[in-house]
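[1] structure of the sequence below:
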Amino acid sequence: MKNYKLIDLFSGVGGISTGFHWAGFTTVFANEYDKEIGEAYKANFPDTKTIIEDIRKIDFAEVMKDLKIKRGDVDVIAGGPPCQGFSMANRKRIEQDERNLLFLEFVRAVKAFQPKCFLIENVVGMTAEKVAIKSSEKNVVDSMTDFFHEIGYQISFKSFKAEEHGVPQIRRRVIVIGTRLENKFDDLRYLRIGNLKKEYLSKEEMSKKKDIQHTLFFDEIDKGIKYPTTVWESISDLPQIEAGQGEEKMGYLSKPKNEYQKFLRKGSKFVYNHLSTPHSKDVIERIKLIKQGENFNHLPTDLQTKSVHSGAFGRLVADSLSPTITTRFDTPSTGRVIHPFLNRTLTVREAARIQSFPDDFKFIGSRTSQGKQVGNAVPPLVAKKIAEMFIKDFLT
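    Residues are numbered from 1 along each chain as shown. The predicted structure is shown next:
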């Protein structure tokens, strides 16, 4: 099998790298600005040349020299540069808005390395619906297209729903795919979008099939489409610890109970990062009163918190999908982050399972940093599907 080359910019802890490695890529270079997160990336990808530094200070010509690669040798550059200043902005305003400096650095990297393709994950402010009709975000689409067209790349926008690719989580994102391979162009500006084929029902499709009992993981229903993984199917083999309990290294509660668990446990004999946040007595008393699918609004009036978050103190539903995993999944007031059965919030390992990280992937650093590492990552299973799309539709 051919070994494809990936560069992972704004890499975070490595969700994209993990998924791309599953598909047959090797990450030759990575860059992350945050020191703690960068060190966690290096710990999990020791063979990758990783620079923990402001990307604006990196000399890409020196990187190519160190790696002994030439322009055009890299297959894909991937990353999630902040694009907060893009919404309804023309090119001039984009260039003048400091919030877009890092996006322009991504463009600089593509121009320097000349990869065959590139991927931008999570274009802020752009929903799947807006991408579909384009008119309400016309300036965003056209402006971003102009930047890459000038350096020989055509782009297209694609939305995805994480649960349709096997992730037990409702996570909506928009990606930008670009290539300089001219045989993939539909016209002078846009390319033929790759096929990010779904395998599982979306949340919306699941809600329409309430009459079909969900009994087994990966049950096929019709046209080869399956039920997505649920919260409990993703974490039920992990040690059932109470608030404030757990260790950095533990044994499993049971053998793998389904294919999802088997896949993520491959090569791992122990459970890491499975420590539960201690909660005060008052917090635990509140949590005990909340049933699956409920939140602080279901508490007696005298026990309700002042939190303004609509889903605060929400308990996850075992036989359903998790909401989007964010960076503060260990804090009850931030949303639906309470374990389906136990009276505590999620551990790092449980959140990582819901994000589809393998069990041999270790998160290091402070509790706050580990939360960012997990919550900000691209789910590896989604990254794997995107990588397979690149191989099938662009690189072979």
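[2] got the end-to-end distance for stretch 328-339?
    14 Å (Cα to Cα, to the nearest Å).
[3] from the chain's centre, how far out does that stretch sit?
    With Cα atoms, centre = their mean, to the nearest Å as the basis, stretch 328-339 stands 18 Å off its chain's centre.
[4] for that stretch, buried residues please.
    328, 329, 330, 331, 332, 333, 334, 335, 336, 337, 338, 339 (16 or more other Cβ atoms under 10 Å). To be clear about C-beta, it is placed using only N, CA and C from the backbone, and glycine gets the same treatment.
[5] can I get stretch 109-117 in PDB, CA atoms only?
    Taking C-alpha atoms only, stretch 109-117 is exported to PDB below (Å, rounded to 0.1, in the frame of the first residue of the first chain):
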ATOM      1  CA  ALA A 109       2.100  26.900   3.700                       C
ATOM      2  CA  VAL A 110       0.100  25.600   0.800                       C
ATOM      3  CA  LYS A 111       1.900  27.900  -1.500                       C
ATOM      4  CA  ALA A 112       5.300  26.800  -0.100                       C
ATOM      5  CA  PHE A 113       4.800  23.000   0.000                       C
ATOM      6  CA  GLN A 114       2.500  22.800  -3.100                       C
ATOM      7  CA  PRO A 115       0.600  19.700  -1.800                       C
ATOM      8  CA  LYS A 116      -1.600  17.800  -4.200                       C
ATOM      9  CA  CYS A 117      -4.600  18.500  -1.900                       C
END
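[6] and the residue nearest to residue 297 when sequence neighbours are not counted, how many neighbours does it have?
    Excluding its sequence neighbours, the residue lying closest to residue 297 (Cβ to Cβ, 6 or more residues apart in numbering) is residue 304, at 7.3 Å. The local packing of residue 304 (other Cβ atoms under 10 Å) involves 15 other residues.
[7] tell me how far residue 304 lies from residue 295.
    According to Cβ to Cβ, to the nearest Å, residue 304 and residue 295 sit 10 Å apart.
[8] average pLDDT for the host helix or strand of residue 388, rounded please.
    Assigned by DSSP states H and E, residue 388 belongs to helix 380-390. When pLDDT is averaged over helix 380-390, the result is 95.
[9] equivalent analysis for stretch 16-23, please.
    pLDDT averaged over stretch 16-23 gives 98.
[10] residue numbering should commence at 347 henceforth.
    I'll keep to 347 as the first residue from here, and by that count the last item is stretch 362-369.
[11] can you list contacts of that stretch?
    Here stretch 362-369 makes contact (Cβ atoms under 8 Å, 6 or more residues apart in numbering) with 350, 352, 354, 357, 373, 376, 387, 390-391, 394, 422, 424-425, 465, 467, 703-704, 707, 724-734, 737.
[12] can you rerun that using 6 Å?
    352, 354, 373, 391, 424, 724, 726, 729, 730, 733, 734 (Cβ atoms under 6 Å, 6 or more residues apart in numbering).
[13] can you redo the residues you listed as a markdown table with neighbour count and distance to residue 597?
    Putting the contacts of stretch 362-369 into a markdown table (neighbours: other Cβ atoms under 10 Å; distance: Cβ to Cβ, whole Å) gives the following:
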| residue | neighbour count | distance to residue 597 |
| --- | --- | --- |
| 352 | 25 | 34 |
| 354 | 30 | 32 |
| 373 | 24 | 31 |
| 391 | 21 | 26 |
| 424 | 30 | 35 |
| 724 | 29 | 30 |
| 726 | 26 | 24 |
| 729 | 28 | 29 |
| 730 | 22 | 28 |
| 733 | 27 | 32 |
| 734 | 19 | 33 |
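[14] ok, these vs residue 696, which is closest?
    residue 726 (15.7 Å; Cβ to Cβ).
[15] show the contacting residues for that closest one.
    For residue 726, the contact set (Cβ under 6 Å, 6+ apart) comprises 361, 364, 365, 702, 703.
[16] residue ranges with poor pLDDT in the stretch 397-546 of the chain?
    Scanning the stretch 397-546 of the chain for pLDDT under 70 picks out the ranges 429-445, 469-486, 531-541.
[17] where exactly do the helices run in it?
    Along the stretch 397-546 of the chain, the stretches classed as helices by DSSP state H, counting those that start in this stretch are 406-413, 437-442, 447-459, 474-479, 484-495.
[18] for residue 376, what are its contacts?
    Contacts of residue 376 (Cβ under 6 Å, 6+ apart): 354, 357, 394, 396.
[19] residue 734 versus that one, what's the distance?
    Counting by Cβ to Cβ, the gap from residue 376 to residue 734 is 21 Å.
[20] same thing with residue 362?
    For residue 362, the distance to residue 734 - Cβ to Cβ - is 13 Å.
[21] re the thing from before, and which of the contacts of residue 376 is nearest to residue 670?
    residue 357 (20.1 Å).
[22] quick one: average pLDDT of the one helix or strand residue 719 maps to?
    Using DSSP H and E, residue 719 maps to helix 713-721. Averaging pLDDT along helix 713-721 yields 97.
[23] which other residues reach that helix?
    359, 382-383, 386, 671-674, 694, 697-698, 701, 709.
[24] try 7 Å this time
    Contact partners of helix 713-721, identified using Cβ atoms under 7 Å, 6 or more residues apart in numbering, comprise 358-359, 382-383, 386, 619, 671-676, 694, 697-698, 701, 709.
[25] among these, which ones are in helices?
    Secondary structure assignment by DSSP state H places 382, 383, 386, 694, 697, 698 of the contacts of helix 713-721 in helices.
[26] ok, and the most crowded of the residues you listed?
    Busiest of the ones in helices among the contacts of helix 713-721 [other Cβ under 10 Å] is residue 698, holding 32 neighbours.
[27] so residue 689: helix, strand or coil?
    coil (DSSP: H, G, I helix; E, B strand; the rest coil).
[28] list the contacts of it.
    589, 630, 633, 634.
[29] ignoring the adjacent residues along the chain, who's closest to it?
    Among residues not flanking residue 689 along the chain, residue 633 sits closest, at 4.6 Å (Cβ to Cβ, 6+ apart).
[30] contacting residues around the one you found?
    Taking Cβ under 7 Å, 6+ apart, one finds 659, 678, 684, 689 in contact with residue 633.
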